[in-house]
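Peer 1: Need the 3D shape of this:
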Amino acid sequence: VAVDLVDFDGSFPRSIMHALREVPGAQIVLVLTKVDLVPKAATALRLEKWVRGRAKAGGLHQPAAVHIVSNNTGAGIQGLLATLERLCGRRGEVWVVGAQNAGKSSLLNALAGHKGGHLAARAPVTAAPLPGTTIGCVEIPRLLPAPHQTFDTPGILQPHQLTTRLRGEELKMVLPGRQLRPRTFRVPESSSIHIGALARVDVLSCPNRTMYLTVWVSSDVVCHFGKMEKADDFYAQHAGVLLVPPVGDKERLAELGEWRPHEVVVEGSSYKRSTVDVAISGVGWVSASLEGEAVLQVWTYSGIAVTTREALMPDHAKEWERPGWGEQLSANMKKGKGDKKSGGKKSGGKRKSN
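Peer 2: Numbering: from 1, shown residues only. As a prediction, the model looks like this:
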C-alpha cells in the first residue's frame, strides 16, 4: 500500500483497509513515498514511529513491514525490494495499491530501475501523462524474479482530498516538487492565515492571546497573514488571482464546492515545539505550538477532510513570517502570475526566545 508521506491522512486508503485484511494470505506492506520532501531533521526512526501510529488509527494495526522511501533519490528502495522478495516466497504476487497521487507508478519505476544499490537509467515501466491518471491494472514484467508477478492498479479516488478537484496547473502547484520549507507565524487571537485559496486558519482563542502556527505546504502555494475581521472580504477579492492555487474566477472557485468552516480544538505543551497538527486533506498541514488549549476555525471546501494528529514535524522555521503576503507572491510575479499591481512582503522576521 503506497501512501504519500506529506499527505498521509489524505492518501491513506481507509476505505479498502478492511477488504485488504480479508484477502486470504495477504501481507500488507506499508510504503511511505516522497520522504525526500520532508526535512532531514525527521529521522527514519521518528518517521516510522509516527507512521505506525497513524496507520493504526486508520485501521492497519500490524503491517507486515513499513518502508519509507524516495522514488526520486532511490532511498529505501533496495530494502523494499528485499522485503517483497522475502514475503512473496516461491510463487507470491505483488499488487501495488494506493490513492491517486500517492506515487504508486513512480514507486514501481524506482523499483524497476534499481540496480546494484542505485537507480539505473531505463525507460519507465509505467507512466501517466498527469499524476493520478493510471488507467486499469498494468502488469509490471520482471520486477521480481520469476514466477512472481507484479501489478500496478488505478489510483483509489479519495473524495475528501482536495487534489481530486484540482486541474492540471493547480495540481502541479499543490504537489510539492522540492523539500518542504516551514513557514512559522506568531499568531494573535482574531488573526487568519490564508493558504492560497485552498484553506484558511483562524485563531478564535488561545492561551496568553497568542500561539505559533507553522504551515507545511508546497512552496508554490501563496500564503497571507492578516486580521480575521477582514478575511472574508480578502478571500472574495483575491481568491484565484493572488491567492493561488486554485487559479481562476468565481465560477472556478464555485466548482470546488462550498467554502465552509470547521471548528478545531488543539492542545499543546510547548511554545518552542509543535505538538499537534491540523491536516487538510490534499493540501498539507499546519502545526501548532502552544501551552494549553486553543480553538481554531479551519476553512476549506465542503467534503474536504480536516484531521488533528500528533505533530509530524515539531520544528519551527528559523525565521518567522511577517504579516501580509508571503514571499511566494513575489516569486509568482517574476513568473508572470497574478496581478502585478499588488506587491508582496518578504518573510524574515527574526525568532525571539520564549
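Peer 1: going forward, measure contacts and count neighbours with C-alpha atoms only.
Peer 2: OK.
Peer 1: The longest strand seen in the chain pairs with which strands, and in what direction?
Peer 2: What stands out as the longest strand in the chain, according to DSSP state E, is strand 284-301. Using DSSP bridges, strand 284-301 pairs in its sheet with strand 199-205 (antiparallel), strand 210-216 (antiparallel), strand 259-270 (antiparallel), strand 276-280 (antiparallel).
Peer 1: What mean pLDDT does it get?
Peer 2: For strand 284-301, mean pLDDT is 98.
Peer 1: for that strand, which positions count as buried?
Peer 2: 284-291, 294-301 (16 or more other Cα atoms under 10 Å).
Peer 1: quick one: Ser287 and Pro314 touch, right?
Peer 2: Yes: counting by Cα atoms under 8 Å, Ser287 touches Pro314, with 7.4 Å between them.
Peer 1: tell me, what's touching those two both at once?
Peer 2: Overlap of the contact sets of Ser287 and Pro314 (by Cα atoms under 8 Å, 6 or more residues apart in numbering) consists of 274-275.
Peer 1: re earlier: what is the subsequent helix or strand relative to the longest strand of the chain?
Peer 2: strand 306-310 (DSSP states H and E).
Peer 1: Just want the angle from that following strand to strand 284-301.
Peer 2: 160 degrees (axes from the mean of the first three to the mean of the last three Cα atoms, to 10 degrees).
Peer 1: Against which helices or strands is the following helix or strand past strand 306-310 packed?
Peer 2: Counting by DSSP H and E, the element after strand 306-310 in chain order, helix or strand, is strand 319-320. Packing partners of strand 319-320 (3 or more Cα pairs under 8 Å, 6 or more residues apart in numbering; DSSP states H and E): strand 183-188, strand 349-350.
Peer 1: tilt between the lengthiest helix in the chain and strand 306-310?
Peer 2: The longest helix of the chain (DSSP state H) is helix 44-57. Computed by the same axes, to 10 degrees, the angle separating helix 44-57 from strand 306-310 equals 130 degrees.
Peer 1: Return the distance of helix 44-57 from the chain's centre.
Peer 2: Remark: helix 44-57 is offset 15 Å from the chain centroid, using Cα atoms, centre = their mean, to the nearest Å.
Peer 1: cool, stretch 296-314 as well?
Peer 2: On Cα atoms, centre = their mean, the centre of stretch 296-314 falls 11 Å from that of its chain.
Peer 1: Number the residues from 50 up from this point.
Peer 2: Yes, from this point I'll number from 50; that puts the last item at stretch 345-363.
Peer 1: contacts for that stretch?
Peer 2: With Cα under 8 Å, 6+ apart, stretch 345-363 has contacts from 58-59, 91, 96, 99, 208-211, 247-254, 305-315, 322-330, 336.
Peer 1: repeat for stretch 74-88
Peer 2: Identification of contacts with stretch 74-88 by Cα under 8 Å, 6+ apart yields 50-55, 69-70, 112-122, 136, 151-152, 156, 225-230.
Peer 1: Tell me which residues of that stretch come out buried.
Peer 2: Buried residues in stretch 74-88, defined by neighbour count with 16+ other Cα under 10 Å: 76-87.
Peer 1: for it, how far is the first residue from the last?
Peer 2: 37 Å (Cα to Cα, to the nearest Å).
Peer 1: for stretch 234-243, same thing?
Peer 2: Criterion Cα to Cα; first-to-last residue distance in stretch 234-243 is 12 Å.
Peer 1: Go through that stretch and flag the buried ones.
Peer 2: Neighbour-count burial for stretch 234-243 flags 234-243 (criterion: 16+ other Cα under 10 Å).
Peer 1: Pro295 is in contact with Leu302, correct?
Peer 2: Yes: the pair Leu302 / Pro295 is scored as a contact, 7.4 Å apart, by Cα under 8 Å.
Peer 1: joint contacts of those two?
Peer 2: Common neighbours of Leu302 and Pro295, using Cα under 8 Å, 6+ apart, are 288-289.
Peer 1: For Pro208, grab phi and psi.
Peer 2: Phi and psi for Pro208, reported as degrees, to the nearest 10, are phi -60, psi -20.
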